[in-house]
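**Student:** missing the sequence, but the structure's below:
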């Protein structure tokens, strides 16, 4: 193709979807071009006289468009500038707008002259699977030479480096029937389903509804298909029970008819983005029934050098002319094995585009379309195939094709005939689009008439319709759509309305059978210098597939990974069936016996922005704040992250060091009274007749015997018998418990409980409700704690007899509704007071006021950790690492010996978890009381001059204890409980520290101080 414009004139019957009164100016690789409203980037660039769009991935061969929509493997471009640049978009799906800026990809220094094209000359070095068997020698070259070069060459487009300035959103919806695709079958299915009263969503990836109706041929009810489509779309859009979505790709189908849909809301119109519209929207749909009407894609033919710019699918050539008024070239050749491609030849002829020849591989095709082509004066040659392509020097355009006699199974050709042309429209048949059907295990069967796979059966509430179901005639598609839509609606509605939708009269030419051609022979074998491309984007050839077979890759899945067949961004939409055909001929196996590769979501790529939605910047990981967060800030709190929360590490006075502040806060609790904001503590309400049963199964100890108003410390294990969380659970009523978890584990534990209830214990009648943020909770700890609460006044008996240790009472304190828990994590007299979150700040201030005469001070998390370590209490995540059992940390008393079962019980019986020598929790006193061991320090069995040294354990928590006026530590040491008094060696940076194994309870071993 020359640089002259190839826009067909107005009035030629071409260009049905463009508006010639609205010209748009745009650039491609910096070159100024002009298109019209309704154009795609591909059609506008082609109309400007350019057919070269990019370079192939491996060989950097020049490539033009092949397809018309999402099947396009070659024309991947970058659109937009700066932070709004988006790479790897298919030019066939990019809607043109005024000011659009696009660039080609995977080329240097320019599209016309790409140094990477040298790879094509060296292609013998890059056969299928070359990366598994090349660059192996010398080994030292890999890290510094081979790998950097390969990584630099990898990829296609380049992602922007700046922050994304656009907004994205996500929506959650439910519907009775989801219809995937808006071709005639999809519209019929949606109409039938909507007529029953069902709530319907119909989604299509294209800007215009109707699928390929405008280039498929035939009339509906005596009118053009476009009239029927427009009427159906309007009817559905006007219906209250139907949601019609264009520019929306149904990207993936997951368990229980959960579907992701990707809507391109504003890509086509920058004014929408400027007005604040989201660029993309991700729909999360739960559909009771799904009708897959995703249509069919035309497949190419593998002939020698079939990848050159100007060689495209027949449907693409037809669409360029009919939709956009763009000529694919000056003189073309139609190469086919079926009747449908004759429609392309007829449309080209009607638009005054030259057609040099129709080459049909069938020996004697018959039918109305063949007759029409001959009657129109088109030359038809049967029993022949294209054996080669002549191009210009750089392979950027074609000058002619070579035609030769063809018969199935032929090895190489003779008697070639040269035909001048500058484009080829090829058609090897049509493949039903079955990706969505297969995402959740839908089965396929091989249709010999289509020479392709069609849906067979599915375990989910799925229906199939139209050409996706192998129905390749207009009438069959519509009838299939009506039937599928009605069946889907009736499957979900208890009382569906009577359906009065009647299939219209269809007028369409009958078609004869196709004859499969998996690759067309050339003057040499297809693995002797003639590249027959199967997967265009990843440069996989027929020779690569045969090589994989010779090297032992018999499984199609192994062949796929070895050659990268179908692993490009198009997921093999134009390559999969042809590859199976080539493998069938290479191995002598039938295509159904070879099988298919696995289809995985998404159907086409979706943006990272849509996946993130609104969860960006501060919303990406929101900081959780307690009701008294502002007070902490005002008091100069030094915050630390605890899960998603920000908690005061300590409260610094002017000029005070962290360590001094922590020590001061500890002694306030030990000698007077301290106030801790414990609102972050996980709180989960367990309610229902089977609440106690659930807790007995979740915890290692028994909760069904717990009395109302009492609490019990519980341990949770995973299935492997390892500790995952702990906390005190209180019984509020016979069927109502309040579970406390670690601050960072509350969300995880809610998910854990729901997982068991929803997947294993569906018979249990119990509700799990997270209420962490509904309550503020404060710990008043220290010898004077009871005096502070008494000063508040209320109706709760706080005496030792009235509220014993591990008990709970509800009532009022200082006029605030509260739950008071007699729990201690410090070893001192302690009360934890919970109040509804909106009362939190008021109660906090009241506690400070009541405690002022007693010297009350707030203390932070570090003081809390030292207090608990002095008392020998563990922290899940410090004393545990995912391999620690209750017995390892001395909590065997919290593991029931009577319960028949609980999570992890069986694992605890495994020899490995009961073996001698396991690491056990111990306390440590360093020889030098002023030496504080670092966290994670390793104890070694014997000190050596240099590593390696056998490690026998590690420090889990280590602090300076102002109470004991010395350092303390907790550690997990092999067989630690039997090594009391032993001196351990800890090699540190530049020194060695000795520490004695002691009881991990350093303070008030009898618990007298917390039981007063």
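**Tutor:** Received the coordinates, thanks. Note that this is a predicted model, so its numbers are computed, not measured.
**Student:** Residue 790 in helix, strand or coil?
**Tutor:** State at residue 790, reduced to three classes by DSSP: H, G, I helix; E, B strand; the rest coil: helix.
**Student:** what's the helix or strand for the residue lying closest to it once chain neighbours are set aside?
**Tutor:** Using Cβ to Cβ, 6 or more residues apart in numbering and skipping the chain neighbours, the partner closest in space to residue 790 is residue 798 (6.5 Å). C-beta coordinates here come from the backbone N, C-alpha and C atoms, glycine included. Residue 798 is part of no helix or strand when elements are defined by DSSP states H and E.
**Student:** To which secondary structure element type does residue 648 belong?
**Tutor:** Looking at residue 648 with three-state DSSP, the answer is strand.
**Student:** Look up how far residue 843 lies from it.
**Tutor:** Separation of residue 648 from residue 843 (Cβ to Cβ, to the nearest Å): 17 Å.
**Student:** what about the two, which has more around it?
**Tutor:** residue 648 (28 against 25; other Cβ atoms under 10 Å).
**Student:** what's around the closest residue to residue 142 other than its chain neighbours, how many residues?
**Tutor:** Spatial nearest neighbour of residue 142, excluding adjacent residues (Cβ to Cβ, 6+ apart): residue 135 at 6.5 Å. Residue crowding around residue 135 was assessed by other Cβ under 10 Å; the count is 17.
**Student:** ok, residue 135 touching residue 126?
**Tutor:** No: in this structure, residue 135 is not within contact of residue 126 by Cβ atoms under 8 Å, at 10.9 Å.
**Student:** list the contacts for the most centrally placed residue in the chain?
**Tutor:** Closest residue to the average C-alpha location of the chain: residue 611 at 7.3 Å, with Cα atoms, centre = their mean. Counting by Cβ atoms under 8 Å, 6 or more residues apart in numbering, residue 611 makes contact with residue 282.
**Student:** For it, grab phi and psi.
**Tutor:** For residue 611, the backbone dihedrals (degrees, to the nearest 10) come out as phi -70, psi -40.
**Student:** And it, how far from residue 260?
**Tutor:** Distance from residue 611 to residue 260, by Cβ to Cβ: 9 Å.
**Student:** which stretches of the stretch 51-200 of the chain form helices?
**Tutor:** Remark: helices assigned in the stretch 51-200 of the chain by DSSP state H, counting those that start in this stretch are 118-121, 130-133, 141, 147-153, 184-195.
**Student:** any idea which helix or strand carries residue 207?
**Tutor:** Using DSSP H and E, residue 207 is not contained in any helix or strand.
**Student:** just checking, it touches residue 268?
**Tutor:** Yes: here residue 207 reaches residue 268: they are 6.9 Å apart, a contact under Cβ under 8 Å.
**Student:** Report the set of residues contacting both of these two.
**Tutor:** The contact lists of residue 207 and residue 268 share 95, 247, where a contact means Cβ under 8 Å, 6+ apart.
**Student:** Identify the residues contacting residue 403.
**Tutor:** If a contact means Cβ under 8 Å, 6+ apart, then residue 403 has 357, 359, 381, 384, 385, 386, 387, 416, 417, 418, 419 as its contacts.
**Student:** same question, residue 942
**Tutor:** Here residue 942 is in contact with 949, 950, 985 (Cβ under 8 Å, 6+ apart).
**Student:** list the contacts for the second one?
**Tutor:** For residue 950, the set of contacting residues under the criterion of Cβ under 8 Å, 6+ apart consists of 940, 941, 942.
**Student:** Give me the neighbour count for residue 914.
**Tutor:** Residue 914, neighbours per other Cβ under 10 Å, totals 12.
**Student:** low-confidence ranges in the chain?
**Tutor:** Where the chain drops to pLDDT under 70, the residues are 1-4, 121-125, 131, 153-154, 524-529.
**Student:** Distance-wise, check the residue lying farthest from the centre of it relative to residue 710.
**Tutor:** The outermost residue of the chain relative to its centre, with distances by Cα atoms, centre = their mean, is residue 853 at 57.8 Å. As judged by Cβ to Cβ, residue 853 and residue 710 stand 32 Å apart.
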